[in-house]
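[1] Model the structure of this input:
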Amino acid sequence: MSDIIFSSDHAAQSAMSLSTETRNRIETLLQQNPIVLFMKGNPQTPRCGFSAATVGVLNELLPDYASVDVLEDAEIREGIKVYGNWPTIPQLYVRGELIGGADIVQSMYTSGQLQELFGLPQPDRTPPQITISDTAAGAIRDALADAEPGLDLHLAIDARHQAQFHLAAADDHSIRSEANGITIFMDLGTAQRARGIRIDWVETAQGAGLAIDNPNAPAAVKPLSVRELKSRLDAGSVTVIDVRPPEERAQAALTQPFRTLDDGVEALAAALPKDTALAFLCHSGGRSARAAEHFRSLGFRKVYNVDGGIDAWSREIDAGIPRY
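    I've put the predicted structure just below:
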């Protein structure tokens, strides 16, 4: 892998133009942590597509690794580019050596080199079993009839189980699945997330198109009435997260214990087990629905949105809580 890994000697030479303080900070991070990802945002909330793609690969392979949000530290953001002579973010370092950015990490993951680097078994390349309905297969065949020669149908399912079809040339590492006379190519990560999916053709008021039923995706956010919320609170079987800012909570708030987002989404997400039952609450249900969907996308499996929010709680459960 010497063709894609930069040696620490090369990094040290590039770091000569850095201030001593910044160089020492970077080298301390690399010495104290065997795997460090310099990224935009954090693993729970990436703030660029390339960082999100890299995090998706690492999260699939590793239970833990160090990350540095370069958007929060201008010196590190510019210094790490000079240190490794690598102009873009993200950057992955393993045992003090620069591996590269998003494209290299994805390529190494797909080829199995990244698993080897981490001391992990080679990935399972067994094509996933998928089901394609007759209607969907017919629509796909019609669409492919107009495709340019050499382009194949690819499916990509990201770490948040968002799916997308596109046309591209297959490479040596693409995994190929066939169903109902249709061939679909996918990368390694998609293959793991696509096991058992059903592809159908649906028509709605918004239009018609392919739809995927994925049994591997986290369950959808479910509505929860305030009466159901009270029963769950009495039973101690749910954690309430009030997404409103402190000034709104000062006007009206539950008397039962609840969590907030005051310390940030990433801090709360990291502190809660993924199987925790979460009920999101706001004034009337709109903001909490968006927050609930975000936590579902992070892998939380029991996510609820409180219909009507604190206003409904005041009207139906506790009239002593002011309405505003």
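[2] buried residues in stretch 247-266?
    Within stretch 247-266, the residues that count as buried by 16 or more other Cβ atoms under 10 Å are 248, 249, 252, 253, 254, 259, 261, 265, 266. Heads up, the C-betas are built off the backbone N, CA and C, glycines and all.
[3] need those in CSV with secondary structure, pLDDT and distance to residue 51, can you?
    Converted to CSV, these look like this (DSSP: H, G, I helix; E, B strand; the rest coil; pLDDT from 0 to 100; distance: Cβ to Cβ, whole Å):
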residue, secondary structure, pLDDT, distance to residue 51
248, helix, 97, 31
249, helix, 97, 32
252, coil, 97, 38
253, coil, 97, 35
254, coil, 97, 36
259, strand, 97, 26
261, coil, 96, 21
265, helix, 88, 16
266, helix, 80, 13
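[4] Name the helix or strand for the closest residue to residue 136 other than its chain neighbours, please.
    Nearest in space to residue 136, with sequence neighbours left out and distances taken as Cβ to Cβ, 6 or more residues apart in numbering, is residue 201 at 4.3 Å. Here residue 201, judged by DSSP states H and E, is contained in strand 198-204.
[5] same deal with residue 310?
    Judged by DSSP H and E, residue 310 forms part of helix 309-316.
[6] Would you state the helices of the stretch 201-324 of the chain in chain order?
    For the stretch 201-324 of the chain, helices defined by DSSP state H, counting those that start in this stretch occupy the ranges 226-235, 246-251, 265-271, 286-297, 309-316.
[7] can you put those in a markdown table and add distance to residue 175?
    Listed next are the helices of the stretch 201-324 of the chain as a markdown table, based on distance: least, Cβ to Cβ, whole Å:
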| stretch | distance to residue 175 |
| --- | --- |
| helix 226-235 | 42 |
| helix 246-251 | 49 |
| helix 265-271 | 30 |
| helix 286-297 | 24 |
| helix 309-316 | 45 |
